[in-house]
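Q: sequence unavailable; structure follows:
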């Protein structure tokens, strides 16, 4: 792990130096990323211009869910967003060049073309989260305050595990980046809205099968004082760190299995 972190740090530092070498371009692309992701929240604002509540949730409550999911996903996308390019490397055989280098392949793939402009997504999510915290009428206890950074870190780890598992699947599928995006970007979009507007079958799926509900739904409902979906017990709000560890372990196992099955292109 020490070697992997060192390799990741060196490669990302190289790409960061490359990005900031053209400062105007870097600033413009970061602002563009901020603006593009902000359009998701603009769509929510347009909804609330016509209704007072969405699934029984007011605008600040939906903004709280949105800010948490967008920020957590932004952290994972910044650190591991390049994993979706693995299918291309498998198809053209350029993954072979990473295998012969004295550094863990996972670190090399994750750090490849590290895009610092993705900070725009994180800052936009944090801005919405800040608005929600100010607008919400919540009795902030020390436990509820601690839950906010806990959700961001645990949610980022859960999304990160989905990125890694999706990349592992590309060893077999070779062209499955869109499938991976449906679970990463699609999952983040799903979590922007309250669970009360979705069918129970979908809520069960993202709770017990692909546990994205632990990114923000379950812990956030504890902070908001809202009832949990599916009549779940209260303690599930504090389970995100354990769920994140379990997801990371499973995705790491999937990565090892996928990497060992790689047979190159034969060229």
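A: In hand now; what should we look at? Source: prediction; values computed, not measured.

Q: for the stretch 151-267 of the chain, just list every one of the helices.
A: 177-191, 200-204, 217-224, 240-260 (DSSP state H, counting those that start in this stretch).

Q: leaving out chain neighbours, which residue sits closest to residue 130?
A: residue 67 (7.4 Å; CB to CB, 6 or more residues apart in numbering). C-beta: built from backbone N, CA, C; applies to glycine.

Q: what about the one you found, how many residues close to it?
A: Around residue 67 there are 26 other residues, counting by other CB atoms under 10 Å.

Q: how close does it sit to residue 235?
A: Distance of residue 67 to residue 235, given as CB to CB, to the nearest Å: 24 Å.

Q: what does residue 127 give?
A: Noted for residue 127: a distance of 32 Å to residue 235, by CB to CB.

Q: more crowded one of those two?
A: Neighbours were counted for residue 127 and for residue 235 using other CB under 10 Å; residue 127 has more, 16 against 8.

Q: can you pull the contacts of the residue nearest to the spatial centre of the chain?
A: The residue lying closest to the centre of the chain (CA atoms, centre = their mean) is residue 73, at 2.6 Å. Shown in contact with residue 73 (CB atoms under 8 Å, 6 or more residues apart in numbering): 121, 125, 155-156, 159, 184-185, 187-188, 215.

Q: my guess is the residue nearest to residue 130 meets residue 134, correct?
A: No. Between residue 67 and residue 134 there is no contact under CB atoms under 8 Å: 11.3 Å.

Q: low-confidence ranges, the stretch 101-250 of the chain, go.
A: Applying pLDDT under 70 to the stretch 101-250 of the chain flags the ranges 174-176.

Q: mind listing the strands for it?
A: For the stretch 101-250 of the chain, strands defined by DSSP state E, counting those that start in this stretch do not occur.

Q: what is the burial count for residue 110?
A: Close neighbours of residue 110, defined as other CB under 10 Å, add up to 24.

Q: over to residue 118?
A: Residue 118 has 20 nearby residues by other CB under 10 Å.

Q: wait, it sits on residue 81?
A: Yes. Using CB under 8 Å as the test, residue 118 is close enough to residue 81 to be in contact (6.3 Å).

Q: just the element for the residue nearest to the centre of the chain, please.
A: Secondary structure from DSSP states H and E places residue 73 in helix 59-80.

Q: what's the following helix or strand after that helix?
A: Using DSSP H and E, the first helix or strand after helix 59-80 is helix 86-92.

Q: buried residues, that following helix. List them.
A: 86-87, 89-90 (16 or more other CB atoms under 10 Å).

Q: what's the spacing between that helix and its chain's center?
A: Mean-position distance between helix 86-92 and its chain equals 22 Å (CA atoms, centre = their mean, to the nearest Å).

Q: what residues are up against the closest residue to residue 105 other than its chain neighbours?
A: Spatial nearest neighbour of residue 105, chain neighbours left out: residue 98 (5.2 Å); criterion: CB to CB, 6+ apart. By CB under 8 Å, 6+ apart, the residues touching residue 98 are 89, 105, 108-109.

Q: can you pick the most crowded of those?
A: Within the contacts of residue 98, neighbour counts (other CB under 10 Å) peak at residue 109, which reaches 23 neighbours.

Q: is it in contact with residue 167, as I believe?
A: Yes. Using CB under 8 Å, residue 109 makes contact with residue 167 at a distance of 6.8 Å.
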